[in-house]
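Participant: with the input below, show me the fold.
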Amino acid sequence: MLGFDVSIDRVRLQTTAGMRRRFRRQISTANGTAEGPLQKVIKETIKSLGASSIKDMGKIMGFLKQKYSDNIDFSKANIIIKGLLN
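Facilitator: Next up, the predicted model:
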């Protein structure tokens, strides 16, 4: 019984650490420190649409959904767009 409890705690710690790493990667990507292909596409879209504020987010998301609907994780795109427009 003791071994079982220890293994559950170890899994919880590993899962929590993995979640922290993923969250840090999302934040660093949103802040522009690690520019990936998604961020490049979003920057090009913002520039081509002339978007300048968070109010233009609907236009940006609409364009991305039309052009890249199967290829983009829109939850990540949302974070990046907010980071770039603020």
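Participant: output the below-cut-off pLDDT ranges for the chain.
Facilitator: 1-35 (pLDDT under 70).
Participant: swap in 90 and give it another go.
Facilitator: 1-37, 68-73, 86 (pLDDT under 90).
Participant: give me the helices and strands touching the host helix or strand of residue 66, please.
Facilitator: According to DSSP states H and E, residue 66 maps onto helix 57-68. Where contact means 3 or more Cβ pairs under 8 Å, 6 or more residues apart in numbering; DSSP states H and E, helix 57-68 is packed against helix 37-49, helix 74-85. Using the backbone N, CA and C atoms, a C-beta is placed for each residue, glycine as well.
Participant: for residue 36, see how far away residue 83 is.
Facilitator: As for residue 83, its distance to residue 36 is 13 Å (criterion: Cβ to Cβ, to the nearest Å).
Participant: who has more neighbours, those two?
Facilitator: residue 83 (17 against 12; other Cβ atoms under 10 Å).
Participant: and the helices and strands packed on helix 57-68 as TSV, adding distance to residue 65?
Facilitator: Compiled in TSV, the helices and strands packed on helix 57-68 are given as follows (distance: least, Cβ to Cβ, whole Å):
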stretch	distance to residue 65
helix 37-49	11
helix 74-85	7
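Participant: which one of the ones you listed lies closest to residue 66?
Facilitator: helix 37-49 (10.6 Å; Cβ to Cβ).
Participant: list the contacts of that closest one.
Facilitator: 29, 32, 51, 56, 59-60, 63-64, 68, 72-73, 76-77, 80-81, 84-85 (Cβ atoms under 8 Å, 6 or more residues apart in numbering).
Participant: may I see the buried residues of it?
Facilitator: Using 16 or more other Cβ atoms under 10 Å as the test for burial, helix 37-49 gives 38-39, 41-42, 45-46.
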